[in-house]
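*Asks:* Provide a 3D model corresponding to the input given below.
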Amino acid sequence: MIPGGLLALAVRHLDDPPDRARIERAIADVLARAEFQPPEKNAWDRFKEWLFETLLGAVRDLVGGIDLDSAWGMAIFAFLVLSLVAILAHLVYTVLQVVPRRAAAAAAPGAQALPGGGLAQALAAARELAAAGRLAEAMHALYRATLLWLDERGQARFDPSKTAGDYRRELSPPELRRGFAAMVEAFDPVAWGGRAPRRDSWERMRSAASTLGVPA
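*Replies:* Numbering: from 1, shown residues only. Below you'll find the predicted structure:
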């Protein structure tokens, strides 16, 4: 079905009474204009389309080879469906966990007051803020200093948008993972849980950071 506006635009290109072939050529000329072309897809969009089509084709091939009339076939099919649901549920859960925490990072108390410089500035800020009794800001500064410390030593790549879980997964030596987990255990209730910081929370975080080699 040809839209009336498009047909009228095409017909205006013709001097004589049009026939079907001339109308089709005129419409093709109009549709060839730049304003009727879809936006060009970038490499990432093309890759996602290819990946989706490849996975969909693999699933179709796999399901097509299952005998749904047999008990084993139905069991395999049910397992595939449940696996797919579990994967989707995990992805949704991950998004719901990560997005709010990253948004909270920007609005957390003291987060905007962190130094914009490097490791030395973050360590100095942590010490000065702790000495002044501003423990929440001191803990944020020490957290940043720890991430920069790990980045400088090639243990984890620093990125302000990453979560503590992202960093923990990057740390390969078990002792680093344990030390980092202990530091985050003291930091998280203050940073994201709304708990008022106490001196013992700061000391536990500082002690855990020192096990990573951070001169806190």
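
*Asks:* Test my guess that Glu137 contacts Leu129.
*Replies:* Yes. Here Glu137 lies in contact with Leu129, judged by CB atoms under 8 Å, at a distance of 4.6 Å. All C-beta spots, glycine's among them, are computed from the backbone N, C-alpha and C.

*Asks:* low-confidence ranges in this structure?
*Replies:* Scanning the chain with the threshold set as pLDDT under 70 gives 1-19, 30, 34-42, 44, 56, 59-60, 62-69, 73, 94-117.

*Asks:* can you list the domain ranges for it.
*Replies:* What the record gives for the chain is the domain set 4-36, 53-107, 111-211, from automatic domain parsing.

*Asks:* Determine which of those approaches Asp45 most closely.
*Replies:* For the domains of the chain, the distance to Asp45 is smallest for domain 53-107, at 12.6 Å, taking CB to CB.

*Asks:* which of the domains of the chain is buried the deepest?
*Replies:* Each of the domains of the chain was scored by mean neighbour count; the highest is domain 111-211, a mean of 17, by mean count of other CB atoms under 10 Å.

*Asks:* ok, and what's touching the host helix or strand of Tyr167?
*Replies:* With elements delineated by DSSP states H and E, Tyr167 resides in helix 164-170, which encompasses its position. With contacts defined as CB atoms under 8 Å, 6 or more residues apart in numbering, helix 164-170 is touched by Leu147, Leu150, Gln155, Ala156, Arg157, Asp159, Arg177, Phe180, Ala181, Val184, Phe187, Asp188.

*Asks:* List phi and psi for the third one.
*Replies:* By that I understand Gln155. Dihedral angles of Gln155 (phi, psi; degrees, to the nearest 10) stand at phi -90, psi -30.

*Asks:* Wait, it touches Arg177, no?
*Replies:* No. With contacts counted by CB under 8 Å, Gln155 stays clear of Arg177, the gap being 10.2 Å.

*Asks:* which residues are in contact with both of the two?
*Replies:* Joint contacts of Gln155 and Arg177 (CB under 8 Å, 6+ apart) are Leu171.

*Asks:* Is it possible to get JSON lines of the contacts of helix 164-170 that adds secondary structure and distance to Gly57?
*Replies:* Formatted as JSON lines, the contacts of helix 164-170 follow (DSSP: H, G, I helix; E, B strand; the rest coil; distance: CB to CB, whole Å):
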{"residue": "Leu147", "secondary structure": "helix", "distance to Gly57": "42"}
{"residue": "Leu150", "secondary structure": "helix", "distance to Gly57": "42"}
{"residue": "Gln155", "secondary structure": "coil", "distance to Gly57": "40"}
{"residue": "Ala156", "secondary structure": "coil", "distance to Gly57": "37"}
{"residue": "Arg157", "secondary structure": "coil", "distance to Gly57": "35"}
{"residue": "Asp159", "secondary structure": "coil", "distance to Gly57": "35"}
{"residue": "Arg177", "secondary structure": "helix", "distance to Gly57": "39"}
{"residue": "Phe180", "secondary structure": "helix", "distance to Gly57": "41"}
{"residue": "Ala181", "secondary structure": "helix", "distance to Gly57": "41"}
{"residue": "Val184", "secondary structure": "helix", "distance to Gly57": "42"}
{"residue": "Phe187", "secondary structure": "helix", "distance to Gly57": "46"}
{"residue": "Asp188", "secondary structure": "helix", "distance to Gly57": "43"}
